[in-house]
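*Asks:* A structural model of the following input is requested.
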Amino acid sequence: MPKSMAPAAKTARPKTAAATQRASARPEAAAPETPAYSAPALDKGLDILEALTDAEHGSSMAEIAQTLGRSVSEIFRMVVTLERRGWISSDPGDRYHLTSKMFELAHRNRPVRTLVEAALPTMQLLSRRARQSCHLSIVESGRVLVIAHVEAPGTLSLIVRTGSVVGLFNTSSGHVFLAFRTPAERERLIEDHSLIAGESPAGRGNWQSAVEQVARDGYACSPSEQLRGVTNLACPVWGRNRHVVAALVMPYVEGLGAQRGPSLEESRAQLIEGAAAISRSLGYQLPEAGAS
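*Replies:* As a prediction, the model looks like this:
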């Protein structure tokens, strides 16, 4: 950094990678406003956690500092504190990784626990009947998070693991969350979303038509944008307040020979039935047939 810029380093700290991604995902995003209140130490700790979220193989202290545009001395105490509190851990190569603490805290949260408890019996039955894996996703602070999964019976199974964060614009679960929202709610979700690896900040035209189709059909059915030969099926799970609280997803793979199970159409019907059953268990009253 040029010396002439040095005095501004602490007050004009570069954005984290996550913050930059959020800005790029917002169509015609306005310039960020200076917050009325700030907690620099908390900001620093959260920046470190966000940086490690995207580090598949962990990061050294120097790499974390470089990612955040800070010096090692600026982050040293915070890294040590986060490790002491169990939020991060270091391996023998002095590379830091996130621990499962955030995931554990999320699952101690009563609404999430209630949702998983209500969904698992239906998901297990669905997996056995369709001979396919399935998973349950929620959206929290713009992130699509898998909170439960059930593997397909047999020797072969394609799963999206519990704890995975998936895309909003390029997944069937993301399209479900976008489809069943008011325009204002949809804008807030887009604004809060942080792009993940492999997700492109493409124009609205690339995903808006798919979302509109989901809203018309009541479910998502489209080829996977991550794996060839996989058809993603997803249905909304409704809560008592008549809002979509989760997406029930089945990455459908056609089996051959002894691995052959129900057809795509049959599996889709079973998924729709399963999502309705979970919604009922959460207190949602399904509209009667023929009701507007």
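*Asks:* What residues sit buried inside stretch 126-143?
*Replies:* Residues of stretch 126-143 classed as buried: 126-127, 129-139, 142-143 (neighbour count, 16 or more other C-beta atoms under 10 Å). All C-beta atoms are positioned from the backbone trio N, CA, C, and that covers glycine.
*Asks:* Keep only those of the residues you listed that are in strands.
*Replies:* Counted as lying in strands by DSSP state E, out of the buried residues of stretch 126-143, are 134-139, 143.
*Asks:* wait, which of the buried residues of stretch 126-143 is closest to Ala276?
*Replies:* Set against Ala276, the nearest of the buried residues of stretch 126-143 by C-beta to C-beta is Leu126 (11.4 Å).
*Asks:* Can you tell me which of the ones in strands among the buried residues of stretch 126-143 comes closest to Ala41?
*Replies:* Nearest to Ala41 among these is Arg143, at 23.7 Å by C-beta to C-beta.
*Asks:* Lowest-confidence entry in the buried residues of stretch 126-143?
*Replies:* Here the lowest pLDDT out of those sits on Gly142, with 82.
*Asks:* out of everything not next to it in sequence, what's closest to Arg240?
*Replies:* With C-beta to C-beta, 6 or more residues apart in numbering as the criterion, Arg240 has its nearest non-adjacent residue at 3.5 Å, and that residue is Gly283.
*Asks:* coming back round to it: just name the closest of the buried residues of stretch 126-143 to Ser172, please.
*Replies:* Minimum distance to Ser172 across the buried residues of stretch 126-143 is 9.4 Å, recorded for Ser137 (C-beta to C-beta).
*Asks:* gap between the nearest residue to that closest one once chain neighbours are set aside and Met78?
*Replies:* Among residues not flanking Ser137 along the chain, Ser173 sits closest, at 4.3 Å (C-beta to C-beta, 6+ apart). The gap separating Ser173 from Met78 is 34 Å, by C-beta to C-beta, to the nearest Å.
*Asks:* Those two: which has the busier surroundings?
*Replies:* Using other C-beta atoms under 10 Å as the criterion, Ser173 and Met78 rank with Ser173 on top: 28 against 19.
*Asks:* Could you export whichever strand or helix holds the more buried one as CSV, CA atoms only?
*Replies:* Taking DSSP states H and E as the criterion, Ser173 maps to helix 172-179. Only the C-alpha atoms of helix 172-179 are listed here, as CSV (Å, rounded to 0.1, in the frame of the first residue of the first chain):
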residue,chain,number,x,y,z
SER,A,172,-33.9,-25.9,-6.7
SER,A,173,-34.1,-25.0,-3.0
GLY,A,174,-33.0,-21.5,-3.7
HIS,A,175,-35.6,-21.1,-6.4
VAL,A,176,-38.3,-22.4,-4.0
PHE,A,177,-37.3,-19.7,-1.4
LEU,A,178,-37.3,-17.0,-4.1
ALA,A,179,-40.6,-18.2,-5.6
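*Asks:* residue contacts, the closest residue to Glu199 other than its chain neighbours?
*Replies:* Among residues not flanking Glu199 along the chain, Gly167 sits closest, at 4.0 Å (C-beta to C-beta, 6+ apart). By C-beta atoms under 8 Å, 6 or more residues apart in numbering, the contact list for Gly167 reads 144, 174, 195-196, 198-199.
*Asks:* cool, and Val176?
*Replies:* Contact partners of Val176, counting by C-beta under 8 Å, 6+ apart, are 214, 219-220, 234-236, 244, 247.
*Asks:* quick revisit: can you redo the contacts of Gly167 as a markdown table with neighbour count, pLDDT and distance to Gly257?
*Replies:* Output for the contacts of Gly167, formatted as a markdown table (neighbours: other C-beta atoms under 10 Å; pLDDT from 0 to 100; distance: C-beta to C-beta, whole Å):
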| residue | neighbour count | pLDDT | distance to Gly257 |
| --- | --- | --- | --- |
| Val144 | 24 | 90 | 34 |
| Gly174 | 26 | 93 | 33 |
| Leu195 | 21 | 78 | 40 |
| Ile196 | 19 | 78 | 36 |
| Gly198 | 10 | 71 | 32 |
| Glu199 | 20 | 77 | 35 |
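*Asks:* For beta bridges, what are the partners of the residue nearest to the spatial centre of the chain?
*Replies:* Geometric centre of the chain, nearest residue: Val144, 2.0 Å, by C-alpha atoms, centre = their mean. Per DSSP bridges, the residues bridged to Val144 are Val139, Val166.
*Asks:* Help me confirm that it comes into contact with Asn170.
*Replies:* No: in this structure, Val144 is not within contact of Asn170 by C-beta atoms under 8 Å, at 10.4 Å.
*Asks:* Could you list the low-pLDDT ranges of the stretch 101-250 of the chain?
*Replies:* Flagging of the stretch 101-250 of the chain using pLDDT under 70 yields the residue ranges 103-111, 200-205.
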